[in-house]
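Trainee: sequence plus predicted model, see below.
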Amino acid sequence: MQNRVISKKDLAGFVDDLIKTKAAGEVIGIKAKDDKFNFGTLKNAAELRLDYDIALLPPKKYFFPQIETVLKYEFGATPKVEPVVDDKAMCLVGVHPFDIRGILLFDAVYGGANPDANLLMKRRNSTIIGVDCLTPNPKSFAASMGTAVTDEGFDLMLTDIGGDYFVTVGTTKGDSLIKKAKTRDATPADQEKRDKVRKDTLKKYQVTLKMKADEIPALLDANWESKVFNDKAATCFSCGSCVMVCPTCVCFDVQDDPALNLKGGERYRRWDGCMLTEFAKVASGENFREHKEQRFRHRMYRKGKYLLERYKYLGCVGCGRCAIACLAQIASPAETFNLIKEGK
Amino acid sequence: MVMQLSAKQSLHLPRIAELIRVEALSDREKVFEFKFDDGKELGQMPGQFVEISIFGVGEAPISVTSSPTHKGSFELAVRATGSVTNKLHTLDKGAKVGIRGPFGNGFPIQTLKGKDILFVAGGIGLFPLRSLINYVLDNRKDFGEVNTLFGCRSPQERLFIGQLAEWNSCKDMCFLETVDRCADDSWSGNVGVITTLFPKVSFDPAKTYAIVVGPPIMYRFVIAECLKKGLADDHIIMSLERRMKCGVGKCGHCQINGLYCCQEGPVFTYAQVKSLKEAV
């Protein structure tokens, strides 16, 4: 597939066309929210802020909503139960590479042996137009995690190469969409520009891991008893902010919600996370991770080891959202891994 | 990503089953017998569990206590503890519930075939183990010597009393029972924790697998006893409890280190458990 170059003006036209024609479904893009950024439905291309540092919440919420109804039922002698799957087509514009890696982890978790219709049907009907992150957030360490750039998981990937955007075409779906826009074929010189922009950006990340990302599992293996977990967890509020903003936190709770008329109800799943006090508690009262240092350690092992071993993707993409959200300033996996590495 | 899926394949969609029998086992525990409206079998292996739904209340993971050799229906023995199980205890014959599953790995039947077995059940650990004990008794020629040890806290907490009497008079296995303590003369049997039964049974550790199910505290002492008797780590098999909310390896609640209890478990060998720091 031929990579393209598109001017900023024509990109705006392309996005406006996507919004108008709904060729790829509802268009969701990165927009300003006060002095921060978040994903939301785009009314027009002018709202799009491809120069952003980080979205408040990762785009996973479009495939794995905070609260998602999975069943509807009517009470009665024999209850009537219907599965609920909302799989409307969506086009996400402006997804950073590390967030795309997060979505790929979701694909692995929710696919596999027991494929989950709720997530996979949304994914099947989605289009992802990524954008390389040229202004990393000060807390981000995606460069160290190898997720600042991705060569998979997108239909189109935009890179700001000065006046224009380089368009890396990832799929035939992306190819047929961009063909409708006014573009020109990318030349080897354009591609060199893209590669240089990407390389230069890696140097802008302020937080770095003091090891290679693939050394984290062995580091954790050797340091189950590390006092870093206790030191860090000492000031943890168990508020769950870190897991609620994380693009790779995949866990949920399941709850029933009877309707006010008591004729039926819904079952929904909602985001849940291992840093919350009752996550591993069973009905008898036993809590298998009762103490906050146990929960803190579990989260670090999820991020640095468990998910990688299970799904081939590291459970941390280095976005830095947890570090931004954490009131106690203890949440950054990079910081914990570095402290363990330094033997502190 | 290209996968033909439809809402009908939702992992959350239960099958409807009818409660056809309820029997109180104690003040806190009842056994519920269900059959599916569609007439199909549950198709479980001993040691597997289901997610039972009471619509409007929620879902709870419950091990299947009946053996798959029992056809046409299945039994769940349940202690009233949380919102779902307390609601379940109020249901009468004819009530409809949702069932998902069976889930989990179950006991390793193929490994156990031809081997001697030592069953060790503590309290309601008997519920999942009963499925396997009855499976073994119903396929008796496939297994070697069978010893079964059951312990509970007091005579009042004995469960499946009719079944225990059957096992006690059963010539196909040696069955021993104890209670931790007994304040009155209502009990003439063994008194003492379950490990006090170990000197009363003899088995060949090389040919024997111990299947141990009980509260976490029991595992510590029973495993030590098994090791003392010369059982190898991978000849000690246990079933662990966790909060298995989804049953399909997604929701994350049942993780033991990097494993999902609902997928790789709930049955683990002691050899596996030893390497899992969060297991016991």
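Mentor: Sure thing, it's come through.
Trainee: so who does the residue of the stretch 51-200 of chain B found nearest chain A touch?
Mentor: For the stretch 51-200 of chain B, the residue closest to chain A is B:G82, as judged by CB to the nearest CB, at 3.5 Å. For glycine as for every other residue, the C-beta is placed from the backbone atoms N, C-alpha and C. By CB atoms under 8 Å, 6 or more residues apart in numbering or on different chains, the contact set of B:G82 is A:A283, B:A60.
Trainee: need phi/psi at it.
Mentor: With angles defined as degrees, to the nearest 10, B:G82 sits at phi -110, psi -170.
Trainee: what does A:R49 give?
Mentor: Dihedral angles (degrees, to the nearest 10) for A:R49: phi -120, psi 80.
Trainee: what residues are up against A:S7?
Mentor: Contacts of A:S7 (CB under 8 Å, 6+ apart): A:G163, A:D164, A:Y165, A:K182.
Trainee: would you turn these into TSV with secondary structure?
Mentor: Shown next, in TSV, are the contacts of A:S7 (DSSP: H, G, I helix; E, B strand; the rest coil):
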residue	secondary structure
A:G163	coil
A:D164	strand
A:Y165	strand
A:K182	coil
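Trainee: any chance of the residues you listed in a markdown table with neighbour count as columns?
Mentor: Below are the contacts of A:S7 laid out as a markdown table (neighbours: other CB atoms under 10 Å in any protein chain shown):
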| residue | neighbour count |
| --- | --- |
| A:G163 | 9 |
| A:D164 | 22 |
| A:Y165 | 25 |
| A:K182 | 12 |
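Trainee: and the two most separated of these?
Mentor: Using CB to CB, the pair of the contacts of A:S7 lying farthest apart is A:G163 and A:K182, separated by 14.7 Å.
Trainee: looks like A:L119 contacts A:Y110 (just checking).
Mentor: Yes: counting by CB atoms under 8 Å, A:L119 does reach A:Y110; the two are 4.0 Å apart.
Trainee: quick check, A:W224 in a helix?
Mentor: No: according to three-state DSSP, the state of A:W224 is coil, so it is not within a helix.
Trainee: how far away is it from chain B?
Mentor: 6 Å (CB to the nearest CB, to the nearest Å).
Trainee: can you pull the contacts of that residue?
Mentor: By CB under 8 Å, 6+ apart, the neighbours of A:W224 are A:R297, B:K277.
Trainee: quick one, phi psi at it?
Mentor: phi -50, psi -40.
Trainee: separation between it and A:D10?
Mentor: 54 Å (CB to CB, to the nearest Å).
Trainee: for chain B, give me the ranges with low pLDDT.
Mentor: Residues of chain B meeting the criterion pLDDT under 70: B:1-3.
Trainee: can you pull the contacts of the residue of the stretch 101-250 of chain A found nearest chain B?
Mentor: Nearest to chain B in the stretch 101-250 of chain A, going by CB to the nearest CB, is A:N114, at a distance of 4.1 Å. A:N114 sits next to B:L11, B:V248, B:G249, B:K250 when contact means CB under 8 Å, 6+ apart.
Trainee: mind redoing it with 10 Å?
Mentor: B:Q9, B:L11, B:F103, B:C246, B:G247, B:V248, B:G249, B:K250, B:C262, B:Q263 (CB atoms under 10 Å, 6 or more residues apart in numbering or on different chains).
Trainee: could you list the domains of chain B?
Mentor: Following automatic domain parsing, one gets these domains for chain B: B:13-103, B:109-239.
Trainee: next secondary structure element downstream of the lengthiest strand in chain B?
Mentor: Secondary structure of chain B read by DSSP state E shows that its longest strand is strand B:15-24. Next helix or strand after strand B:15-24 toward the C-terminus (DSSP states H and E): strand B:29-36.
Trainee: and that following strand, what does it pack against?
Mentor: strand B:15-24, strand B:49-54, strand B:74-79, helix B:83-88, strand B:96-103, helix B:126-138 (3 or more CB pairs under 10 Å, 6 or more residues apart in numbering or on different chains; DSSP states H and E).
Trainee: okay if I get those as TSV plus mean neighbour count and distance to A:G318?
Mentor: Listed next are those as TSV, based on neighbours: other CB atoms under 10 Å in any protein chain shown; distance: least, CB to CB, whole Å:
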stretch	mean neighbour count	distance to A:G318
strand B:15-24	16	43
strand B:49-54	26	36
strand B:74-79	23	45
helix B:83-88	18	40
strand B:96-103	21	34
helix B:126-138	24	42
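Trainee: out of these, nearest to A:K281?
Mentor: Closest among the helices and strands packed on strand B:29-36, using CB to CB: helix B:83-88, at 13.4 Å.
Trainee: output stretch B:32-50 as PDB, restricted to C-alpha atoms.
Mentor: Listed next in PDB are the C-alpha coordinates belonging to stretch B:32-50 (Å, rounded to 0.1, in the frame of the first residue of the first chain):
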ATOM      1  CA  PHE B  32     -30.000 -27.100  45.100                       C
ATOM      2  CA  GLU B  33     -30.700 -29.400  42.200                       C
ATOM      3  CA  PHE B  34     -31.200 -27.900  38.800                       C
ATOM      4  CA  LYS B  35     -32.100 -29.000  35.300                       C
ATOM      5  CA  PHE B  36     -31.800 -26.900  32.200                       C
ATOM      6  CA  ASP B  37     -35.000 -25.700  30.400                       C
ATOM      7  CA  ASP B  38     -33.500 -26.900  27.100                       C
ATOM      8  CA  GLY B  39     -33.000 -30.400  28.500                       C
ATOM      9  CA  LYS B  40     -29.300 -30.400  27.900                       C
ATOM     10  CA  GLU B  41     -26.700 -31.600  30.400                       C
ATOM     11  CA  LEU B  42     -24.300 -29.300  32.200                       C
ATOM     12  CA  GLY B  43     -21.400 -31.400  31.000                       C
ATOM     13  CA  GLN B  44     -19.100 -30.600  33.900                       C
ATOM     14  CA  MET B  45     -16.000 -32.500  35.000                       C
ATOM     15  CA  PRO B  46     -15.600 -32.900  38.800                       C
ATOM     16  CA  GLY B  47     -14.000 -29.800  40.300                       C
ATOM     17  CA  GLN B  48     -15.400 -27.400  37.800                       C
ATOM     18  CA  PHE B  49     -17.700 -24.500  38.800                       C
ATOM     19  CA  VAL B  50     -20.600 -22.500  37.300                       C
END
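Trainee: I am finished for the moment; much appreciated.
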